[in-house]
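**Student:** here are the coordinates; sequence isn't available:
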């Protein structure tokens, strides 16, 4: 899903608020697949259902259907209630392809969540809050959840 074309960055992911609230465990890196066009990653966004926890967002490249090498990320930030847009720490050009959008929290957090797509895949690993790993470790998997997350491309 993408916003209409304009001079503003385009958002790819799920920027329309889901009504349900997720429960994200602390120190757990959770990634969802996202097919992106070629462009420059300039930012990230999410919709938080509760304020307070520290978070970071990370974009990983895909390798064989799983998150692999780190592409870019946000610096740690505090969740605020509602929609937040964040700058990428290092804007970067990407080719069209599959990527993985991940979040990491320092304590329990809540985002907008939707359970309608039973085939929606999420990959996760335990990882201490702070710097995201350069290479996503071998993940576990679950299905059926989409979150209010997006990547902004210029």
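**Tutor:** Alright, I've got the coordinates. Computed from a predicted model, the values in this text were never measured in an experiment. Numbering: from 1, shown residues only.
**Student:** When you work out contacts or count neighbours from here on, use the C-alpha atoms and nothing else.
**Tutor:** Fine.
**Student:** what stretches of the chain score poorly on pLDDT?
**Tutor:** In the predicted model, the chain carries pLDDT under 70 at residues 1-6.
**Student:** run the last query once more with 80
**Tutor:** Applying pLDDT under 80 to the chain picks out residues 1-7.
**Student:** all strands of it, in order?
**Tutor:** Ranges of strands in the chain, per DSSP state E, are 10-13, 20-21, 28-36, 39-48, 54-63, 66-73, 77-78, 82-94, 97-105, 112-114, 121-126, 140-143, 146-147, 149-153.
**Student:** mind giving me JSON lines with these and columns for mean neighbour count and distance to residue 132?
**Tutor:** Listed next are the strands of the chain as JSON lines, based on neighbours: other Cα atoms under 10 Å; distance: least, Cα to Cα, whole Å:
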{"stretch": "strand 10-13", "mean neighbour count": "22", "distance to residue 132": "21"}
{"stretch": "strand 20-21", "mean neighbour count": "15", "distance to residue 132": "24"}
{"stretch": "strand 28-36", "mean neighbour count": "22", "distance to residue 132": "8"}
{"stretch": "strand 39-48", "mean neighbour count": "23", "distance to residue 132": "15"}
{"stretch": "strand 54-63", "mean neighbour count": "22", "distance to residue 132": "7"}
{"stretch": "strand 66-73", "mean neighbour count": "21", "distance to residue 132": "8"}
{"stretch": "strand 77-78", "mean neighbour count": "14", "distance to residue 132": "13"}
{"stretch": "strand 82-94", "mean neighbour count": "16", "distance to residue 132": "12"}
{"stretch": "strand 97-105", "mean neighbour count": "23", "distance to residue 132": "8"}
{"stretch": "strand 112-114", "mean neighbour count": "22", "distance to residue 132": "22"}
{"stretch": "strand 121-126", "mean neighbour count": "18", "distance to residue 132": "11"}
{"stretch": "strand 140-143", "mean neighbour count": "12", "distance to residue 132": "17"}
{"stretch": "strand 146-147", "mean neighbour count": "24", "distance to residue 132": "19"}
{"stretch": "strand 149-153", "mean neighbour count": "26", "distance to residue 132": "17"}
